[in-house]
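> test case, fold it:
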Amino acid sequence: MADRKAQPESDPTRDAMDREHVPGTSADPAIAPRLEELKRLFPEVFSEGRVDLDKMRAALGEIVDDRPERYSFTWAGKRNALRMLQTPSSGTLIPDGEESVNFNETQNLYIEGENLEVLKLLYKSYAGRVKMIFIDPPYNTGQDFIYPDNFASPLDAYLKLTGQKDANGNLTTAKPEKTGRFHSSWLSMMYPRLFVARQLLSDDGVILVSIDDTEIHNLKMAMNEIFGEENLMAHIVWQKRYVSNMTAKNISDMHDHILVFARNLNAASVNKIERTEEQLKAYKNPDDDPRGDWRAQDLPASKPYKAGMFTIAGPTGGKFDPPPGRYWRCNEDQYNEWLADNRIWFGVEKTARPMLKSFLSEASGGVTSNTWWSHEFAGHNKEATLEVKELFGGASPFDTPKPVKLVRRMLETFADENALVLDFFSGSCTTAHAVLEHNHDYGSNIRFIMVQLPEKTAGDSVAHKAGYPTISAIGRERVRRAIRKIIGNGNGKLAFKDREQPEDLGFRAFRLDESHYRRWIGTEHQEAEELASQMMLFNDPLVPGWTPENVIYEVLLKEGYSLTSRVEKIDAACPNTIHRVTDDVRPQSFLICLDDKIDPATPAALGLSRDKLFICRDAALTDELAANLALQCRLKTI
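Presented below is the predicted three-dimensional model:
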């Protein structure tokens, strides 16, 4: 053993003896990436793999604030929320072909499951790839929160809550503790989800969170802490109603809030949006300028600019100075250039104060969005309900949808034509609907990931009576109906003749479930016979009833491959069944074999090389074959 330790890391013999294993749990989105960055910046504060806080304080010097009274943001349960964040998921995502549309062709995803567990499972594959996140989380109305945040066993809590697991209690209905009315409970639910969401955003990505007055202050504090208050991009006010509530007890509630944070404000950008008919009406051409319609802009500006303090002589002899405390937005030379170019307007009678002509033909790319989103601009709640009713034949199975126009404004403002968009409180799937319509109208290739808990619908509800037992069932059906509507309106084809990629009218459906890997549960008394029995089970690391397709998707996810990867059975002249997994965003595919035994002839038939990854079951290899494979390729086992 001493000789073996002395061998270099690249020694093939050591590689054969220390074969790698496919991870059994999700990657850690909380600690691992920050720890690596900390090691890079402050290597001196690490001692035996742990952070020495005294050394950290010394390294940071006066920046450390350890005063007994200092500004901080906390709540009852924050420590448990952080523990929840740091608990890796031991679950997996199971493909569901029957619930999918165009499974093999689409790049869109619909995932049914508890969203924090799902986000943890997506982290390794999608970290840094999402351009825009929009969520409309549960508002704190004093009702129960159905999200089962139990850091000791989050997956078990989810399975029991949704009636998917017996657990000796035949638990089939959700009866969470009635703590929804507390701000602390709401924050503990939101904080870990927002934290992982930030990790999924690209450097130029943005997240938009819709909320009402009850938690806007707490939400902003939490997002300041997670994203950094310097990355607040906007606080949008959306007019969700177009008329006042005549039965309101006090003042009619007409708006919701949308907080917009960037992963990195310096890298983020905002697209200009098309002008509305109302905005276009402001452009006219009263002087028949050959450059076309224009609108008058103020020449004065509030920015202190000494060179902008001069007197302008009007065409009829009038004299004009900037208003008190203001300046012209240009110096005298620039003004004279604009005047000579017929860009200064003194009104029809030529006696009005000077204005600058802004030509529609020169204002490319539309207008910049602002923080007031009226119902004409971004839709309203009534419009959203009517949209769902139209899709579902007259009765809405979902009570609180958002309008498609609202999400389309977000896409137009913050997404590019190939963006990946995530909504992990997807509800009735307004976001997916908006993406499909936007792609159809503009020829873009935006892809979506929808995540929704299979929350049960009430037994006497419109949804339940219509055959939708869960919110996730409503969401999937809405996407199907939106696809059928697009196909019906355009025969499944776009008018864009130069479109490089076919229109993506589909989605891959997945659901959260327990891992196919056996978990060590131990024994209560640690008796020899019980331990031996437990250990015998681990001769095969996979649980009874596993299927190759489900295991392949679990492996590819835990290896950091996208859920839209291509899984193909290859026609290799070898006695084993081999699948190739290819992810277009990764430079390397991998081969996987889940047969009980690997035939010695298989490696040669596959043409393996040192840069290729081959995955198989540990029990399928003899020691000799494992050693030979480790010499030929990068070997990982289950």
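> most remote residue from this structure's center?
Residue farthest from the centre of the chain, counting by Cα atoms, centre = their mean, is G317 at 61.0 Å.
> confidence score at that residue?
At G317, the model reports a pLDDT of 93.
> over to Q164?
At Q164, pLDDT is 65.
> go on, the one 3 residues further on?
pLDDT for A167: 49.
> mind listing the strands for the stretch 351-500 of the chain?
With DSSP state E, counting those that start in this stretch as the criterion, the stretch 351-500 of the chain has strands at 355-359, 372-373, 420-423, 447-452.
> by contact count, what packs against the last one?
Contacting strand 447-452 under the criterion 3 or more Cβ pairs under 8 Å, 6 or more residues apart in numbering; DSSP states H and E are the following elements: strand 109-112, helix 115-126, strand 420-423, helix 430-442, helix 471-490. For glycine as for every other residue, the C-beta is placed from the backbone atoms N, C-alpha and C.
> do the shortest one as well
In terms of contacts (3+ Cβ pairs under 8 Å, 6+ apart), strand 372-373 is packed against strand 232-239.
> check what contacts the strand it packs on and list those residues.
Residues external to strand 232-239 that are found in contact with it (Cβ atoms under 8 Å, 6 or more residues apart in numbering): 206, 208, 210, 220, 223-224, 254-262, 265, 268, 270, 371-375, 378, 380, 406.
> contact partners for the nearest residue to R241 once chain neighbours are set aside?
Leaving aside its chain neighbours, R241 sits nearest to M254 (5.0 Å; criterion: Cβ to Cβ, 6 or more residues apart in numbering). For M254, the contact set (Cβ under 8 Å, 6+ apart) comprises 239-241, 244.
> how close does the closest residue to W345 other than its chain neighbours get to K160?
Counting by Cβ to Cβ, 6+ apart, W345 lies nearest to M355, which is 4.7 Å off, once chain neighbours are set aside. According to Cβ to Cβ, to the nearest Å, M355 and K160 sit 68 Å apart.
> tell me if the residue farthest from the centre of the chain really is in a strand.
No - using DSSP: H, G, I helix; E, B strand; the rest coil, the secondary structure at G317 is coil, not a strand.
> how close does it get to T351?
Distance from G317 to T351, by Cβ to Cβ: 9 Å.
> and what of G314?
Taking Cβ to Cβ, one finds G314 at 7 Å from T351.
> who has more neighbours, the two?
G314 (16 against 12; other Cβ atoms under 10 Å).
> can you give me how far the longest strand anywhere in the chain is from the chain middle?
Secondary structure of the chain per DSSP state E: the longest strand is strand 201-211. Mean C-alpha position of strand 201-211 versus that of the full chain (Cα atoms, centre = their mean, to the nearest Å) differs by 8 Å.
> same thing with stretch 449-466?
22 Å.
> buried residues in that stretch, which are they?
449-457, 463-464, 466 (16 or more other Cβ atoms under 10 Å).
> what's the first-to-last distance across that stretch?
End-to-end distance for stretch 449-466: 26 Å, by Cα to Cα, to the nearest Å.
> one step back: with mean pLDDT, mean neighbour count and distance to D583 as extra columns, can I get the helices and strands packed on strand 447-452 in a markdown table?
Converted to a markdown table, the helices and strands packed on strand 447-452 look like this (pLDDT from 0 to 100; neighbours: other Cβ atoms under 10 Å; distance: least, Cβ to Cβ, whole Å):
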| stretch | mean pLDDT | mean neighbour count | distance to D583 |
| --- | --- | --- | --- |
| strand 109-112 | 98 | 26 | 13 |
| helix 115-126 | 96 | 25 | 8 |
| strand 420-423 | 98 | 26 | 13 |
| helix 430-442 | 96 | 24 | 21 |
| helix 471-490 | 93 | 20 | 23 |
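> distance to H516 for those - can I get that in CSV?
Formatted as CSV, the helices and strands packed on strand 447-452 follow (distance: least, Cβ to Cβ, whole Å):
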stretch, distance to H516
strand 109-112, 17
helix 115-126, 13
strand 420-423, 26
helix 430-442, 28
helix 471-490, 22
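> so which of the ones you listed is nearest K389?
Of all those, helix 471-490 sits nearest to K389, with 11.5 Å by Cβ to Cβ.
> can you name every helix or strand that that closest one contacts?
strand 109-112, helix 381-391, helix 430-442, strand 447-452.
> what does the first one contact?
The set of residues that contact strand 109-112 without belonging to it, under Cβ under 8 Å, 6+ apart, is 93, 96, 99-100, 118, 426, 429, 432, 448-454, 470, 472, 475-476, 479, 507-512, 563-564.
> over to the longest one?
The set of residues that contact helix 430-442 without belonging to it, under Cβ under 8 Å, 6+ apart, is 108, 110, 134, 384, 387, 401-404, 406-408, 410-412, 417, 421, 423, 426, 444-448, 450, 475, 478-479, 482-483, 486, 490, 494, 503-505, 507.
> swap in 6 Å and give it another go.
134, 401-402, 404, 407-408, 411, 421, 423, 446, 448, 450, 479, 482, 486 (Cβ atoms under 6 Å, 6 or more residues apart in numbering).
> and that helix with strand 447-452, angle?
Using axes from the mean of the first three to the mean of the last three Cα atoms, to 10 degrees, the direction of helix 430-442 lies 160 degrees away from that of strand 447-452.
> quick one: helix 430-442 to chain centroid distance?
Distance, centroid of helix 430-442 to centroid of chain: 16 Å (Cα atoms, centre = their mean).
> could you number the chain from 868 rather than 1 from now on?
With 868 as the first residue, the last one maps to helix 1297-1309.
> tabulate the CA atom coordinates of it in PDB.
The C-alpha coordinates for helix 1297-1309 follow below in PDB (Å, rounded to 0.1, in the frame of the first residue of the first chain):
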ATOM      1  CA  THR A1297     -48.600  31.200 -18.100                       C
ATOM      2  CA  THR A1298     -44.800  31.500 -18.600                       C
ATOM      3  CA  ALA A1299     -44.700  28.400 -20.900                       C
ATOM      4  CA  HIS A1300     -47.700  29.700 -22.800                       C
ATOM      5  CA  ALA A1301     -46.000  33.100 -23.200                       C
ATOM      6  CA  VAL A1302     -42.800  31.600 -24.500                       C
ATOM      7  CA  LEU A1303     -44.600  29.500 -27.100                       C
ATOM      8  CA  GLU A1304     -46.500  32.500 -28.400                       C
ATOM      9  CA  HIS A1305     -43.500  34.800 -28.400                       C
ATOM     10  CA  ASN A1306     -41.400  32.200 -30.400                       C
ATOM     11  CA  HIS A1307     -44.300  31.800 -32.800                       C
ATOM     12  CA  ASP A1308     -44.700  35.500 -33.400                       C
ATOM     13  CA  TYR A1309     -41.000  36.500 -33.500                       C
END
